[in-house]
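Trainee: Quick check, what structure comes out for this input:
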Amino acid sequence: MQNSETMPPRERLFRAQIDKFWSGEMGLTLLTLSLAVLVFVITPLREAGLPGRELLESVIVALMLYGAIAVKQKRIITILVIVFISVTAVVLGVGRLHPTPFLHQVGSVFATVTLLLYLGIVLLVMFRAGPITWSRVQGGICAYLLLGMAWASSFQIVEQSRPGSFRFVTAPADFDQLISKLTYFSFCTLTTLGGDVTPLSPIARSLTIAEAMVGQLFPAILIGALVGMAMQSHNKA
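Mentor: Numbering: from 1, shown residues only. Predicted coordinates:
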């Protein structure tokens, strides 16, 4: 990681602004709200053929890039994460302009890895040194949403590579409907609510079981970690 004292003044100012943005409430708040709107509003409406997903996804990509820069890690890792996020955005964009099964499949793979990488970034922002604030709680919500979206993308990979891996009450007519139905199924599984989508293939069932288990363990571990940090901060005070 480059020392801030050796950075050019303009880069140092830019870095300071990003750190301020993410160390307060604003960064995780905007990202959490954007993800919530994408999952619970835009994606279901997209199934009905209504536009609006592209603009919100652009905002989310910008917030992801800002967050990747804000996390203090080795420069090479930061560059790789930024490149991966950018390539994923390009592949998904090209896949929408020129929809082909291959581009959709590659886009789903890149999206899954990017969401998992960014889940790690959000957790690093959450658990860095400092007092326990509302921003950290929002980070937990954001991480939970990213987890559900990553699993939805992995379900897309399975269904695209092995059609019929999932049984739907109404078969998806296009890729947007597939995204919507598997996102719905992912969050139903993550919260162990169940749903009307049924995994049929062994890999689909294995992923479903794994997500259900993570959905139970993740909040408990997250809350325990935050409580531990709060107690440690209180003892130091």
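
Trainee: switch to C-alpha atoms for all contacts and neighbour counts from now on
Mentor: Fine.

Trainee: what's the offset of the helix or strand hosting S34 from the middle of its chain?
Mentor: For S34, the element it lies in under DSSP states H and E is helix 26-37. With C-alpha atoms, centre = their mean, to the nearest Å as the basis, helix 26-37 stands 11 Å off its chain's centre.

Trainee: The helix or strand following it: how far from the chain's middle?
Mentor: Next helix or strand after helix 26-37 toward the C-terminus (DSSP H and E): helix 43-47. In terms of C-alpha atoms, centre = their mean, the gap separating the centre of helix 43-47 from the centre of its chain is 18 Å.

Trainee: before we move on, what about stretch 81-94?
Mentor: 14 Å.

Trainee: Give me the secondary structure label for the one residue sitting closest to the centre of the chain.
Mentor: Among the residues of the chain, the one closest to the centroid is L146, at 2.9 Å (C-alpha atoms, centre = their mean). Secondary structure state of L146, per DSSP: H, G, I helix; E, B strand; the rest coil, is helix.

Trainee: Tell me who's in contact with it.
Mentor: L35, L115, L116, Y118, L119 (C-alpha atoms under 8 Å, 6 or more residues apart in numbering).

Trainee: Which helix or strand contains the last one?
Mentor: Meaning L119. helix 101-126.

Trainee: which helices and strands sit right next to that helix?
Mentor: With contacts defined as 3 or more C-alpha pairs under 8 Å, 6 or more residues apart in numbering; DSSP states H and E, helix 101-126 has these neighbours: helix 53-70, helix 75-97, helix 134-161.

Trainee: circling back: determine which two of the contacts of L146 are furthest apart.
Mentor: Within those, L35 and L116 form the most distant pair, 14.2 Å apart (C-alpha to C-alpha).

Trainee: For the two, indicate the residue with more neighbours.
Mentor: Neighbours were counted for L35 and for L116 using other C-alpha atoms under 10 Å; L35 has more, 22 against 17.

Trainee: separation between the more buried one and E159?
Mentor: Separation of L35 from E159 (C-alpha to C-alpha, to the nearest Å): 23 Å.
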